[in-house]
Every structure is written in structure tokens, then in C-alpha cells.
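S.K.: What shape does this take:
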Amino acid sequence: MPVGTGHLADYPNQIPKYWETSLFAEAEKMTFWNRFEGAEGSGAAIVRKDDLTKKPGDTIYFDAVLALTGVGDTSTTQLTEGNEDKLVLRQRSFTVGPLKKAVRWDWLVEQEVTHDHRAIARTQLAKWLAGRLDDRLFNEVTGGGTVVPTAHKFVCSADHTTRATMDTDDFLTLDYITKMKAQAQNLLLEPMRLDDGVEVFGLVIHPYTEMKLKLQDTYKQAMQYAEVRGKENPLFKGASAIWDGVVIYTSQRVPRDATTPFVADNIFFGQQLAARGYGMYPTWVERDFSYGEESGIATRLLVGEKLITFDLNATETSGDATDDFMLGGMLVLSTAPTS
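M.R.: Got it, this is the predicted structure:
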């Protein structure tokens, strides 16, 4: 009977589950979008679906619904029956796929350095996972995975209509935030609702976009006596300001285009922006190599995300910017420059 080396790799059942659950909790806590997640029907910006963690498969289905329109019936003679509005429901889907990462070190490092490499590896993997989860969602909602309808793409400029022609004067202003709110309402984007019933939209901008905004005298004057209400609400976590019912956030992961020239694609959002789901939560695997001369730790998971779109003329479609398409809860606002 072989004799074990005494390393954790010989006793896989002895590795505490705490490490993988702690890794996931820590990673989720560090992401930008985690505070906006909620269950299907909760009114959250990010619809969270983890169905496949309990059953096999790679496709997650979810329902999205458009807001009702119209003024309602004020007649005392017309019957309500037969004059009902139809709920505009769309079932969307997305697939989950693998995401994995590993780190490795040799025994000399462990002997010469006093740090706990196992704990360091877990922390660094959590940071990496948080960054990748955010990057994937930012990429998806700005057109990297699903086409963003042209009606939901805007250029922050008074004299330019395309991203390619933007110049150094096309920076974000408070007036433009108000304009974006009006655009969102016109496109029937539903705002997020706080516990006290107050409705707000969100706007996440690149740090350089925020810098140009904060250097403006109008911003300084407007924010001099401003106070963010309901600071204890998760929606205000990390917010830098609130203007006209729009909560402003900053993230260095807002996508930039290095060719036009460093244009940032900032995201204005309300409810039903996107969906995210897991087929498998992160697992934690430890191994020894070369008779214990090297050690390694890996994590892997199954995850997917999808921008929520509607086609008013069909029940299901893959998405085309030329069709009668609209988004559930997002506008893309391009600003320049970002450096």
C-alpha cells in the first residue's frame, strides 16, 4: 500500500470547504455589479440566475417584462373586460462556460519566505476572479457579446454624432446627465427603487470621465451642499454623487477604445440591465508536484452573462441593431477624452 507524502493533495476530503466558499464570497464582494444583483422579478439591475448549480446543463432561461404604458380607462361606461393590455414578456437565455485560474510555487520559496502562500493564493485568486467577473459583464453590456441597439447608443457631444469624430470638448456635464435621464424615460427604462419608494437611475463612468466632470465649476457648485440620501442603502455603496435622481459611480473597468481616441463607453442603467448566472460556483483544488517540491492551487467555475434585449415584433430573436430592438434597462454614453 503506497505511503502518502503528508501533503493536502493526499487527503482531498480533508480540504475545508471554507476556502472555496470564502473565495467566492470575497470575490463577489469586490465586484462592482454585485450590489445591483437580485432574483428574477426583484426589479434589480442584474437578474441573478443560478439554476444550473442544482442540475446539469449549460443554458439558463429567464423571463423579462416591459413596463405597462397608457393612461388607463377613465370611462364610467366602457367595460374593462376585453380592453386589457397584454403583458410584453420575453424569455431570454444564455449559456454558462468555464472560467479557471491557478497559481504555483516551489518549496524553496516556502522555506525562504515567511508568508502563508496558501492564504496569499486565495486572496489573489479572489481579486482575479472579481476583476474577470466585472470585465465580462462590462464587455457584454457595451456590445462585446450582444449587439447594442443603435437607439440606445449616445455620444456626449453637441456637434458630433459618432464616436470616431469626438474631440477633447466632448466631456460629460451635469446637463448631459439630465438629458440621458430624459432619454431613458422616453425609452421606458424602469428606474431602480429604494426602500422608501424613491426612484433612481445609475450611471457608471470611467475615472477620467469623472475627473473631467469634477473639474467643472458647475459641478463644484452643485455638489457643494449636496447630500446623498439613504447612504445605508446598498445602491449608494461607492457612489461619488447623485444628480437629478441619477446615482453616479466610477469604475476603471468601464471599457475604453484606444483608437477613437480613448473614448469611454459609460453605462446609464435602471432595472433589467443584464442577467448573470452560474452553472457551478468556484471550486478550490490543491496539488503537490514533483514529490512535493512544488505546490499549486486552482479555482474553476461555470458562469455566463447576457445583456437583456427586447424585440417588440417577435417573441425570440438573437439580436440585430437594425431591427425594432430595445434594451431592458441600459444606455451607452460615449465620452472623450479619457486621458
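
S.K.: Now the element after the longest strand anywhere in the chain, going C-ward?
M.R.: In the chain, with assignment by DSSP state E, the single longest strand is strand 274-289. The helix or strand immediately downstream of strand 274-289 is strand 294-307, counting by DSSP states H and E.

S.K.: what angle do that following strand and strand 274-289 make?
M.R.: Comparing the axes of strand 294-307 and strand 274-289 via axes from the mean of the first three to the mean of the last three CA atoms, to 10 degrees yields an angle of 170 degrees.

S.K.: which strands and helices sit next to strand 294-307?
M.R.: Under the contact criterion of 3 or more CB pairs under 8 Å, 6 or more residues apart in numbering; DSSP states H and E, the helices and strands touching strand 294-307 comprise strand 89-95, strand 97-106, helix 107-112, helix 117-139, strand 274-289. (Each C-beta comes from the backbone N, C-alpha and C, glycine too.)

S.K.: What pairs with that strand, parallel or antiparallel?
M.R.: strand 97-106 (antiparallel), strand 274-289 (antiparallel) (DSSP bridges).

S.K.: which regions of this structure sit below the pLDDT cut-off?
M.R.: Within the chain, the stretches with pLDDT under 70 are 1-17, 63-91, 107-115, 226-232, 311-326, 338-339.

S.K.: Pop the domain breakdown of it in here.
M.R.: Taking automatic domain parsing as the domain assignment, the ranges for the chain are 10-67+88-146+274-320, 150-271+331-335.

S.K.: Take those and write them to JSON lines, including mean neighbour count.
M.R.: Conversion of those to JSON lines gives the following (neighbours: other CB atoms under 10 Å):
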{"stretch": "domain 10-67+88-146+274-320", "mean neighbour count": "16"}
{"stretch": "domain 150-271+331-335", "mean neighbour count": "17"}
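
S.K.: The closest residue to Asp51 other than its chain neighbours is in what secondary structure piece?
M.R.: In space, Asp51 comes closest to Ile60 once its chain neighbours are excluded; the distance is 5.7 Å by CB to CB, 6 or more residues apart in numbering. In this structure, Ile60 is located in strand 59-65 according to DSSP H and E.

S.K.: got it, and Ala44?
M.R.: Under the assignment given by DSSP H and E, Ala44 is not contained in any helix or strand.

S.K.: can you start the count at 28 instead of 1 from here on
M.R.: Taking 28 as the first residue, the last one we looked at is Ala71.

S.K.: Relative to Thr236, how far out is it?
M.R.: Noted for Ala71: a distance of 25 Å to Thr236, by CB to CB, to the nearest Å.

S.K.: Equivalent analysis for Glu53, please.
M.R.: Applying CB to CB, the value for Glu53 to Thr236 is 29 Å.

S.K.: Could you do Ala52 as well?
M.R.: Per CB to CB, Ala52 is found 31 Å from Thr236.

S.K.: thinking Val290 is in contact with Pro282, fair?
M.R.: No - with contact defined as CB atoms under 8 Å, Val290 and Pro282 do not form a contacting pair (9.2 Å).

S.K.: Select, out of the helices and strands packed on strand 321-334, the one closest to Phe263.
M.R.: When those are ranked by proximity to Phe263, the top entry is helix 144-166, at 18.8 Å, counting by CB to CB.

S.K.: Next SSE downstream of the closest one?
M.R.: Next along the chain after helix 144-166, with elements defined by DSSP H and E, is strand 180-182.

S.K.: Enumerate every residue touching Val312.
M.R.: When contacts are counted by CB atoms under 8 Å, 6 or more residues apart in numbering, Val312 touches Ile324, Ala325, Thr326, Arg327.

S.K.: TSV please, covering those residues and showing distance to Ser278.
M.R.: TSV is the format used below for the contacts of Val312 (distance: CB to CB, whole Å):
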residue	distance to Ser278
Ile324	28
Ala325	28
Thr326	23
Arg327	26
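
S.K.: For Glu226, state which of those residues is nearest.
M.R.: Of all the contacts of Val312, Thr326 has the smallest distance to Glu226: 38.5 Å, by CB to CB.

S.K.: in the sheet, who's paired with that closest one?
M.R.: Taking DSSP bridges, one finds Lys128, Trp311 as the beta-bridge partners of Thr326.

S.K.: In this structure it contacts Thr310, no?
M.R.: Yes - with the criterion set as CB under 8 Å, Thr326 and Thr310 qualify as a contacting pair; they are 6.6 Å apart.

S.K.: overlap in contacts of these two?
M.R.: With CB under 8 Å, 6+ apart as the test, Thr326 and Thr310 both reach Glu47.

S.K.: helix/strand/coil for Asp280?
M.R.: Not Asp; residue 280 is Arg. Classification of Arg280 by DSSP: H, G, I helix; E, B strand; the rest coil places it in coil.
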